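1. need a 3D model of the sequence below.
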Amino acid sequence: MHPISVSIPSFRSEDSAVERGYTVFKIEVLMNGRQHTVEKRYSEFHALHKMLKKVIKPPEIPSKHVRNWVPKVLEQRRYGLELYLQTIIMENEILPKIFLDFLNIRHFPSLPKTESCGSFETESEESSKLTHQPALLFLRDPYLLPATNDTFSSVVIEGVIHGIFYPDLQPR
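-> Numbers count the residues shown, from 1 in each chain. This next block holds a predicted model:
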C-alpha cells in the first residue's frame, strides 16, 4: 500500500461577477492516517500537468474544453481528474515536489514516495535520509549509583536533584 492516496469525492460550481462560472474539485488526501482536503479548479490541474511534463511523463489529463456544464459531463471530468492523480502516484517511484505542493503535502524525507527539496533528476536516496549524531553517550546508566572515580555522573545527579528540589537555588 502506498503512503499517499487521493480521491475527488465531489465538485461544486462557483459563480463570479468578475469572471464566468467555474467548477471547484474537492480533493481528499490521505497520508499516514491523516486526511486533509484541497480544493482546486481545472485550470490548476492543467498548470500542474504542464509543469509535471518537465520532470516526468504524466498520464493524459481530461480535456480542457467542455461543451456543456451538465452534471454528467462534470462527473466524467471529476472521475478523469481523480484517475489522473492516482495514476501519477502509482506510476512514479518518487513524487515530484510540485505534485506534493499541489496536494498541500509537506516534504517528508523518510517516505519512499516523496522527493527531497533538491532537483528531481539528481536526488540520491542517501541524501534524502535523516541522519543524526548522538549528543551525549553514556556507557552505563548515569542515574545508578556512580563509581567513586566517576565525577561526571555525580554532577548529573546533583544537577537533577537541585533542579527538582531547589529550583530557586543558584549554581555554585
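2. where do the helices of the chain begin and end?
-> 42-52, 71-91, 97-102, 151-165 (DSSP state H).
3. most packed of those helices?
-> Mean neighbour count, computed with mean count of other Cβ atoms under 10 Å, is highest for helix 97-102 among the helices of the chain, reaching a mean of 19. Using the backbone N, CA and C atoms, a C-beta is placed for each residue, glycine as well.
4. just the C-alpha atoms of it, please, in CSV.
-> The C-alpha trace of helix 97-102 is given here as CSV (Å, rounded to 0.1, in the frame of the first residue of the first chain):
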residue,chain,number,x,y,z
LYS,A,97,7.9,18.3,-5.2
ILE,A,98,5.5,20.3,-7.5
PHE,A,99,2.9,17.4,-7.2
LEU,A,100,3.3,17.3,-3.4
ASP,A,101,2.9,21.1,-3.2
PHE,A,102,-0.3,20.8,-5.4
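5. how much space is there between A47 and V70?
-> Counting by Cβ to Cβ, to the nearest Å, the gap from A47 to V70 is 25 Å.
6. N104 too?
-> Separation of N104 from V70 (Cβ to Cβ): 30 Å.
7. would you format the helices of the chain as TSV with distance to H65 and mean pLDDT included?
-> What follows is the helices of the chain, written out as TSV (distance: least, Cβ to Cβ, whole Å; pLDDT from 0 to 100):
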stretch	distance to H65	mean pLDDT
helix 42-52	10	95
helix 71-91	11	93
helix 97-102	22	94
helix 151-165	69	71
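8. and Q35, which of those helices is closest to it?
-> helix 71-91 (14.8 Å; Cβ to Cβ).
9. same for the closest one, what does it pack against?
-> strand 4-14, strand 22-31, helix 42-52 (3 or more Cβ pairs under 8 Å, 6 or more residues apart in numbering; DSSP states H and E).
10. ok, and what's touching the last one?
-> The list of residues contacting helix 42-52 from outside it, by Cβ atoms under 8 Å, 6 or more residues apart in numbering, reads 22-23, 25, 58, 61, 64, 77, 81, 84, 88, 96, 98-99, 102.
11. mind checking which of the helices and strands packed on helix 71-91 is nearest H162?
-> So among the helices and strands packed on helix 71-91, strand 22-31 is nearest, using Cβ to Cβ, at 45.0 Å.
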